[in-house]
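Participant: A structural model of the following input is requested.
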Amino acid sequence: MMALTDRGIERHRASDRDRGGEQRGSVSVVVAGVLAASIVLALGAADVTAVLSVATEAQTAADAAALAAAQELAVPTETLPEDVARVFAEANGATLVSCTCARDTREAEIEVSLAVGPLLLFGDDRFVVARAHAVVDVPGATP
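Facilitator: Now for the predicted structure:
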């Protein structure tokens, strides 16, 4: 195809018309945007996975501490139920936040916290809190 300009006759190639002319390189921008969004999404998914893993560990620590405190309530020794709960929480990597487990009761309410650790997108100062409740069931006892 030929076109007439003020400089004379120019030949237009069909491939120039097919490429979109001024839109060259726009696919690169779109691909770069999709790639950046994919990376951020992958980093976010990794952070969520890390937090869920720590939440499971914290719940395990809370459950173990509550069961240990309940056992101390059921079969008392000279150790306080709160001290037993603290030992079990720390053995599972958590910190005992609170223990409602007085000797004259049959229930242990435990709350523990566990640091999440380094995350890829968010700050490193995150903690997970887990709670557990254990009740001593003594056959024939009245509530």
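Participant: check which helix or strand covers L96.
Facilitator: For L96, the host element (DSSP states H and E) is strand 95-100.
Participant: now do the buried residues in that strand.
Facilitator: 95-96, 99 (16 or more other Cβ atoms under 10 Å). Glycine gets a C-beta too; all of them are placed from N, C-alpha and C.
Participant: which single one of the residues you listed is nearest to D124?
Facilitator: T95 (16.5 Å; Cβ to Cβ).
Participant: wait, that closest one touches V128, no?
Facilitator: No: with contact taken as Cβ atoms under 8 Å, T95 and V128 are classed as non-touching, separated by 11.0 Å.
Participant: how close does L121 sit to A46?
Facilitator: L121 sits at a distance of 8 Å from A46 (criterion: Cβ to Cβ, to the nearest Å).
Participant: let me fix that: S38
Facilitator: 13 Å.
Participant: quick one: which of these two has more around it?
Facilitator: More neighbours surround A46 than the other of S38 and A46, with 13 against 10 (other Cβ atoms under 10 Å).
Participant: ok, back up a step: I'd like the next helix or strand past the strand holding L96.
Facilitator: Assignment by DSSP H and E places the next element after strand 95-100 at strand 107-115.
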